[in-house]
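**Student:** Dropping a prediction and its sequence here:
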Amino acid sequence: MIATSIAVVLMFLLSYFIGTFPSAIMVAKSKGLDIMHVGSGNPGTSNIARAMGWKYGAAVLIMDVGKGSIATVIGIFVSDRGLGYLCGAAAILGHMFPLQRKFKGGKGVATGAGIIFVMQFFVMLLLLVMWFVMLKLTKKASIGSIVLLPLLPVFLAVAGSPAWEIWTTIGLGVIIEIRHTANIKRLLSGSEPPLGGVVP
């Protein structure tokens, strides 16, 4: 029992530090930019895309999705789907609150998507298509993220997923939505910047 608990803690910590991998910061530095002092200052896909263009934004998106997917796969490999979600959640926390950058990180959408790609591939594909459609229509990535997050547990319920998995995704969604508080305020005030550079 003690050995199992220690293993879970170690997997959680490993996944947390996977989540802290500075995807956006590294991509920005490759072009001499400090993304923490550009645009919104958020080290994520949207800010990179606005500052550098959609190709660089796509690179960050893929890496951030990868963080969530890798952590989730590690959890499943070591134990089961429950640990997979726990490790994925740890990666989200690492992405949002990286210890080595004074807990100033991204908002967790892409890393969270990485979890769902592993756990519910076809549901995630559907959400991804819907997100791109909303991005095309509104030119604002945050709208798709904010609107689609609550739909994930609904889709899982329709697909017949177990209650614990539905509640887990609700919890993850709440954390990510809270990180979008500033975006919601800007959307309501009409000051949220467009993301035209991400739409080729």
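**Tutor:** Noted; the coordinates are in hand.
**Student:** So residue 99 versus residue 15, what's the distance?
**Tutor:** Note on residue 99: its distance to residue 15, by C-beta to C-beta, to the nearest Å, is 13 Å. To be clear about C-beta, it is placed using only N, CA and C from the backbone, and glycine gets the same treatment.
**Student:** and these two? which has more neighbours close in?
**Tutor:** Between residue 99 and residue 15, residue 15 has the larger neighbour count (other C-beta atoms under 10 Å), namely 27 against 11.
**Student:** element containing the more buried one?
**Tutor:** Following DSSP states H and E, one finds residue 15 within helix 2-19.
**Student:** Okay, now the unreliable bits of the protein?
**Tutor:** 1, 3, 195-200 (pLDDT under 70).
**Student:** in it, which helix has the most residues?
**Tutor:** Ranked by residue count, the top helix of the chain under DSSP state H comes out as helix 54-78.
**Student:** So which elements touch it?
**Tutor:** helix 2-19, helix 23-29, helix 45-52, helix 81-96, helix 109-119 (3 or more C-beta pairs under 8 Å, 6 or more residues apart in numbering; DSSP states H and E).
**Student:** What are the buried residues along the second one?
**Tutor:** Just to be clear, that refers to helix 23-29. By 16 or more other C-beta atoms under 10 Å, the buried positions in helix 23-29 come out as 23, 24, 25, 27, 28.
**Student:** contacts for it?
**Tutor:** Applying C-beta atoms under 8 Å, 6 or more residues apart in numbering, the contact partners of helix 23-29 are 34-36, 38, 43-45, 47-48, 51-52, 56, 59-60, 63-64, 67, 101, 106.
**Student:** Try it again at 10 Å.
**Tutor:** Residues from elsewhere that reach helix 23-29 (C-beta atoms under 10 Å, 6 or more residues apart in numbering): 22, 33-38, 42-49, 51-52, 56-57, 59-67, 95, 98, 101, 105-106, 110-111.
**Student:** how far is that helix from where the chain is centred?
**Tutor:** 16 Å (C-alpha atoms, centre = their mean, to the nearest Å).
**Student:** just the fourth one next, same as before
**Tutor:** Using C-alpha atoms, centre = their mean, the mean C-alpha position of helix 81-96 is found 10 Å from that of the whole chain.
**Student:** List the buried residues in that helix.
**Tutor:** 81, 83-96.
**Student:** How about exporting that helix as PDB, limited to the C-alpha atoms?
**Tutor:** What follows is helix 81-96, C-alpha atoms only, in PDB (Å, rounded to 0.1, in the frame of the first residue of the first chain):
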ATOM      1  CA  ARG A  81      -7.300   5.200 -16.600                       C
ATOM      2  CA  GLY A  82      -7.800   6.700 -13.200                       C
ATOM      3  CA  LEU A  83      -4.100   7.300 -12.800                       C
ATOM      4  CA  GLY A  84      -4.000   8.400 -16.400                       C
ATOM      5  CA  TYR A  85      -6.400  11.300 -15.600                       C
ATOM      6  CA  LEU A  86      -4.500  12.100 -12.400                       C
ATOM      7  CA  CYS A  87      -1.300  12.400 -14.300                       C
ATOM      8  CA  GLY A  88      -2.900  14.400 -17.000                       C
ATOM      9  CA  ALA A  89      -4.300  16.800 -14.300                       C
ATOM     10  CA  ALA A  90      -0.800  17.100 -12.900                       C
ATOM     11  CA  ALA A  91       0.500  18.100 -16.400                       C
ATOM     12  CA  ILE A  92      -2.200  20.800 -16.600                       C
ATOM     13  CA  LEU A  93      -1.200  22.100 -13.200                       C
ATOM     14  CA  GLY A  94       2.400  22.100 -14.300                       C
ATOM     15  CA  HIS A  95       1.500  24.000 -17.400                       C
ATOM     16  CA  MET A  96      -0.500  26.600 -15.500                       C
END
